[in-house]
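S.K.: output the structure for:
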Amino acid sequence: MTTQKYLDQSQNIFFIFGSEVVLKNSSKDLLLKHLSNKGFKEKTIINKDGFDKIDQTIIENASGSLFGSKIIVEINHDQGKIPDQIIKISQIENINHMDNIAIIINSSNEKLNFTTKWVKQMDEIALIIDCGKLKSFEEKIWLKHQLSFISEKDRPSLVQNISEMNSGNLVAQQNEVKLLRLTYKDGDGQERKSSTESAEFMPFELEDKIISNNTKQALRIIHSIKSAEDHYAPLLVWIVGKIINSAANARQSKNPIDSLIKSGVWKNKTSEYMHFIKNHKLQNLIQLQRNVFELDLANKGLSDKDFWYELDNIVIKLTSN
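M.R.: Here you go, the predicted model:
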């Protein structure tokens, strides 16, 4: 995992790899937040079908957008060895001096050989972020950090219980943390009480309604949360983003079910996801990835778009096919 110290010292090129999807996702979130603070407000995504245009895309966007915005180019490599088009990024002229463009390479490779020529070249221009599996004691340190919102009195027992129940599975541990954020109140371990309908609809139910194409119920959940628990907005961004990213990755994978599981989808939901994915073309999912990025900016107050209106539109697009 990277740290703010390394980010501040790095250039705007990043290479993420490793087998732990939770760490990769959180690393990318940290990078996007860091780049947003530096003025990067737009993003273009390149998947496998667009690898031949990596050089062209980088050079064309190097001076920023027509409106003067700085641009993030996110390159998703989801299978096989690193292609030449990504390896050759380090050879692009003046790549280290393109201030209006940032590059995030998100690779499926679980390991890198730092003695190979291309990795050495990448290391010279990019911050390489290793998101490999954590050791047992590292998992507990990570989990303790995730539970920083819990009182010091309750935290040790929760760390121990969650760790024992889900040893080696950061996806499951992260889901437990997300649920605790919904139920834990004021450090006293009590469940949140709500006199409104929103208590009936936990945000995690939104995933089930979206992948089953239930537009009405999905919007009902969102509107219930908006009326009483609007501080859950970041969690809703995460949930919708997870659905879209998991679907996009599976769409491009030779083994979509394995891809879904690797993205953190529970095995008992993979059949529903497969049915959901069949209704969405890859190009539509890529556009929705851009929409989620814009949604996140709206939630953080970094754009003038209305968060709840944009969220409704994304959910309608996801469930109306």
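S.K.: switch to C-alpha atoms for all contacts and neighbour counts from now on
M.R.: Fine.
S.K.: in which helix or strand does the nearest residue to Lys267 once chain neighbours are set aside reside?
M.R.: The shortest distance from Lys267 to any non-neighbouring residue, by Cα to Cα, 6 or more residues apart in numbering, is to Ile261 (6.5 Å). Element membership for Ile261 (DSSP states H and E) is helix 256-262.
S.K.: heading C-terminal from that helix, find the next helix or strand.
M.R.: That would be, after helix 256-262 and using DSSP H and E, helix 270-278.
S.K.: now do the helix or strand following that following helix against helix 270-278, angle only.
M.R.: Once the chain leaves helix 270-278, the next helix or strand it forms, by DSSP H and E, is helix 282-299. With axes from the mean of the first three to the mean of the last three Cα atoms, to 10 degrees defining the directions, helix 282-299 sits at 100 degrees from helix 270-278.
S.K.: and whatever helix or strand comes next after helix 282-299, what does it pack onto?
M.R.: Sequence-wise, the next helix or strand downstream of helix 282-299 (DSSP H and E) is helix 307-319. Other helices and strands packing on helix 307-319, by 3 or more Cα pairs under 8 Å, 6 or more residues apart in numbering; DSSP states H and E, are helix 205-211, helix 215-228, helix 282-299.
S.K.: of all those helices, which one is nearest Asn61?
M.R.: Comparing these against Asn61 with Cα to Cα, the closest turns out to be helix 282-299 (16.1 Å).
S.K.: mind listing what's buried in the closest one?
M.R.: The neighbour-count check on helix 282-299 (16 or more other Cα atoms under 10 Å) flags 282, 285-286, 288-289, 291-299 as buried.
S.K.: would JSON lines of those residues with distance to Glu93 and pLDDT be doable?
M.R.: Formatted as JSON lines, the buried residues of helix 282-299 follow (distance: Cα to Cα, whole Å; pLDDT from 0 to 100):
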{"residue": "Leu282", "distance to Glu93": "31", "pLDDT": "91"}
{"residue": "Leu285", "distance to Glu93": "32", "pLDDT": "92"}
{"residue": "Ile286", "distance to Glu93": "28", "pLDDT": "90"}
{"residue": "Leu288", "distance to Glu93": "32", "pLDDT": "93"}
{"residue": "Gln289", "distance to Glu93": "29", "pLDDT": "91"}
{"residue": "Asn291", "distance to Glu93": "31", "pLDDT": "92"}
{"residue": "Val292", "distance to Glu93": "32", "pLDDT": "91"}
{"residue": "Phe293", "distance to Glu93": "29", "pLDDT": "89"}
{"residue": "Glu294", "distance to Glu93": "30", "pLDDT": "90"}
{"residue": "Leu295", "distance to Glu93": "34", "pLDDT": "91"}
{"residue": "Asp296", "distance to Glu93": "33", "pLDDT": "87"}
{"residue": "Leu297", "distance to Glu93": "31", "pLDDT": "88"}
{"residue": "Ala298", "distance to Glu93": "35", "pLDDT": "89"}
{"residue": "Asn299", "distance to Glu93": "37", "pLDDT": "86"}
